[in-house]
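In: Output the structure for:
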Amino acid sequence: ALVGTDTAFMLGPWIAMARKFAGNATDCVGTGYPTITSCEKFYEWNARVQLTTWNPTPQGATKIPGGPIDYASKHWSGLISDYYAKRVTLLMNQAVKDAASHQKTPANVYDQILADHAYNFTTATNPYPTEPVGDAVTVSQAMHNKYASFFTTC
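Out: Residues are numbered from 1 along each chain as shown. Below is the predicted model of the structure:
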């Protein structure tokens, strides 16, 4: 919530800027990515890839291609909830499932989960706010009040 109160910490403006670069171009459709059907989507896809996997992850990949994964990571509103938190949830769900059945999760299962998630996020075109939501001071005070008990020993 706090990062959504400042455009400097929002995914929406980054994606909007990328889509704007497409202008009136019509020749930048990505091959191997059936959801990229326009230059706007191509530039958005590039913007999402840059922030997450750096190297594109094709549909059906068994792992994210080598490279500096999370190299350009940002703590931005939208990216935190839809990419990082969802990635943790997917991995934790698999770990809990395997622990319940007393099985060790093979690394290739985690690789597949990460690759599927990377493809799904980078090829998505869901909108994100481009204008701040809320007031930073008000949100900070609410967060302080909510979490103050966790810091009483500090």
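In: Can you give me the neighbour number for residue 45?
Out: For residue 45, the neighbour count with other Cβ atoms under 10 Å is 22. (C-beta placed from N, C-alpha, C; glycine too.)
In: didn't it look like it was pressed against residue 33?
Out: Yes: here residue 45 lies in contact with residue 33, judged by Cβ atoms under 8 Å, at a distance of 6.7 Å.
In: what residues are shared contacts of the two?
Out: 56, 123 (Cβ atoms under 8 Å, 6 or more residues apart in numbering).
In: could you point out the longest helix in the protein?
Out: If you go by DSSP state H, the chain has its longest helix at helix 107-123.
In: From the contact counts, what lies against it?
Out: Using 3 or more Cβ pairs under 8 Å, 6 or more residues apart in numbering; DSSP states H and E as the contact criterion, the neighbours of helix 107-123 among helices and strands are helix 39-51, helix 86-100.
In: Measure how buried residue 76 is and give me the count.
Out: 23.
In: actually residue 83, not the one I typed
Out: As a burial measure, the neighbour count of residue 83 was computed by other Cβ under 10 Å and equals 25.
In: distance of it from residue 113?
Out: Shown here: residue 83 relative to residue 113, a distance of 13 Å by Cβ to Cβ, to the nearest Å.
In: just to revisit the earlier point, could I get the buried residue list for the longest helix of the chain?
Out: By neighbour count, and taking 16 or more other Cβ atoms under 10 Å as the criterion, the buried residues in helix 107-123 are 112, 113, 114, 115, 116, 117, 118, 119, 121, 122, 123.
In: who wins for proximity to residue 141 among the helices and strands packed on helix 107-123?
Out: Within the helices and strands packed on helix 107-123, the stretch nearest residue 141 is helix 86-100; the backing value is 27.3 Å (Cβ to Cβ).
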